[in-house]
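1. Would you be able to build a 3D model of this:
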Amino acid sequence: MVEESDLDNLEYLNMVIKEALRLHLVAPLLIPHASMEDCVVDGFYIPKALHVIVNIWAIGRDQKVWNEAEKFQLERFLGSDIDLRGRSFQLIPFGSGRRGCPRLQWDS
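-> Residues are numbered from 1 along each chain as shown. From the prediction side, this is the model:
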């Protein structure tokens, strides 16, 4: 019988969940945020107080990040340190930082 304490050892299940959430998100966009200060991101100037909407659907299908991005391939997460808690920006189905999913903060 599988117990909750076994979850960290279920590598195959972990890969299935990550790949499913990469391709089939609950929502394609994160909740809008406002920038706290002027900054430059990837060559783009972002002024203070600008409303920013992150397209996580596009991130999950970015050909520069994911090889054969449209395919369901569990192997892409084999031996990977990419997690679902918002620390790996290639995969952020629940957001990241202080505005991420509150439930994920409890497990940190």
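2. switch to C-alpha atoms for all contacts and neighbour counts from now on
-> Will do.
3. Please, where are all the helices along the chain?
-> Under the criterion DSSP state H, the chain contains helices at 11-23, 56-60, 102-106.
4. okay, those helices, which one's buried deepest?
-> Comparing those by mean neighbour count (mean count of other C-alpha atoms under 10 Å), helix 56-60 comes out on top with a mean of 20.
5. That one packs against which elements?
-> helix 11-23 (3 or more C-alpha pairs under 8 Å, 6 or more residues apart in numbering; DSSP states H and E).
6. Which residues does the helix it packs on contact?
-> 57, 60-61, 70, 72-75, 77-78, 83-84, 91, 93 (C-alpha atoms under 8 Å, 6 or more residues apart in numbering).
7. so how far is it off the chain centroid?
-> 12 Å (C-alpha atoms, centre = their mean, to the nearest Å).
8. Tell me which of the helices of the chain sits nearest to Leu30.
-> For Leu30, the closest of those is helix 56-60, at 6.9 Å, according to C-alpha to C-alpha.
9. quick one: low-confidence ranges for the protein?
-> For the chain, applying pLDDT under 70 flags the ranges 97-108.
10. switch the cut-off to 90
-> Low-confidence segments of the chain (pLDDT under 90): 1-2, 4, 7-8, 26-27, 30-33, 41-42, 79-81, 83-90, 92-108.
11. Tell me which residue is most central in it.
-> For the chain, the residue nearest the mean C-alpha position is Ile92 (1.3 Å; C-alpha atoms, centre = their mean).
12. Number of residues surrounding the closest residue in space to it that isn't next to it in sequence?
-> Nearest non-adjacent residue to Ile92, counting by C-alpha to C-alpha, 6 or more residues apart in numbering: Gly86, 5.0 Å away. Neighbourhood size, Gly86 [other C-alpha atoms under 10 Å]: 21.
13. where's Gly86 relative to Phe94, distance?
-> Distance from Gly86 to Phe94, counting by C-alpha to C-alpha, to the nearest Å: 7 Å.
14. Kindly report the same for Met1.
-> Counting by C-alpha to C-alpha, the gap from Met1 to Phe94 is 29 Å.
15. quick one: which of these two has more around it?
-> Taking other C-alpha under 10 Å, Met1 and Phe94 do not tie; Phe94 has more neighbours (22 against 3).
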